[in-house]
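In: give me a model of this one.
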Amino acid sequence: MSDIATLFANGWGRLFAADHQEVLSAACDGKPLEVRRVGTVAHGARTLYAVWFTDYTTGSIDLRLDHNGTTSEAAFSLGDIGDIGDIGNRTCAETRP
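Out: Numbers count the residues shown, from 1 in each chain. Predicted coordinates for the structure are as follows:
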């Protein structure tokens with residue numbers, strides 16, 4: 001089971017929902033990532049989570065999820081907003097100089 005709905009995104013953050021699941025861990029292009037639980041909807045069936053970055057970020061978020069003791073994995077890409085060229089673009093694996 002890995003029904004993940006991405007609800008809002010820009011290069012600085014992503015709000016996403018996991019149906020009947022808990023996020024156990026997350027990584028962004030292999031780098032551990034803090035995920036914050038921000039609420040529930042649909043009478044508790046869908047949990048909302050958020051990830052935030054200090055700079056515009058591109059890459060892929062890999063999630064490890066739990067549903068009643070069964071783990072699964074899911075992934076989604078951080079989206080680009082328009083054509084901003086190379087200004088401020090960085091991947092999850094890069095660090096700010």
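
In: could you pull out the strands in this protein for me?
Out: Using DSSP state E, the strands found in the chain span residues 4-10, 13-19, 22-28, 31-32, 36-41, 46-52, 59-67, 70-78.

In: neighbouring strands for the third one, and are they parallel or not?
Out: Pointing back at strand 22-28 there. Here strand 22-28 is paired, per DSSP bridges, with strand 31-32 (antiparallel), strand 59-67 (antiparallel).

In: now do the last one against strand 13-19, angle only.
Out: Strand 59-67 and strand 13-19 meet at an angle of 30 degrees, taking axes from the mean of the first three to the mean of the last three C-alpha atoms, to 10 degrees as the criterion.

In: who does the nearest residue to residue 52 once chain neighbours are set aside form a beta bridge with?
Out: Nearest non-adjacent residue to residue 52, counting by C-beta to C-beta, 6 or more residues apart in numbering: residue 13, 4.5 Å away. Quick note: C-beta positions are derived from backbone N, CA and C, even for glycine. Beta bridges link residue 13 to residue 10, residue 52, judged by DSSP bridges.

In: tell me who's in contact with residue 13.
Out: 50, 51, 52, 53 (C-beta atoms under 8 Å, 6 or more residues apart in numbering).

In: what sits against residue 32?
Out: Per C-beta under 8 Å, 6+ apart, neighbours of residue 32: 25, 26.

In: before we move on, what about residue 49?
Out: By C-beta under 8 Å, 6+ apart, the contact list for residue 49 reads 15, 16, 17, 18, 23, 35, 36, 37, 38.

In: Throw the residues you listed into CSV and include distance to residue 46, pLDDT and neighbour count, thanks.
Out: Putting the contacts of residue 49 into CSV (distance: C-beta to C-beta, whole Å; pLDDT from 0 to 100; neighbours: other C-beta atoms under 10 Å) gives the following:
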residue, distance to residue 46, pLDDT, neighbour count
15, 12, 85, 17
16, 10, 87, 23
17, 5, 87, 20
18, 7, 88, 23
23, 12, 94, 19
35, 15, 92, 19
36, 16, 93, 11
37, 12, 93, 12
38, 12, 92, 12
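
In: ok, so of those residues, who is nearest residue 58?
Out: Within the contacts of residue 49, proximity to residue 58 (C-beta to C-beta) peaks at residue 16, which comes in at 16.1 Å.
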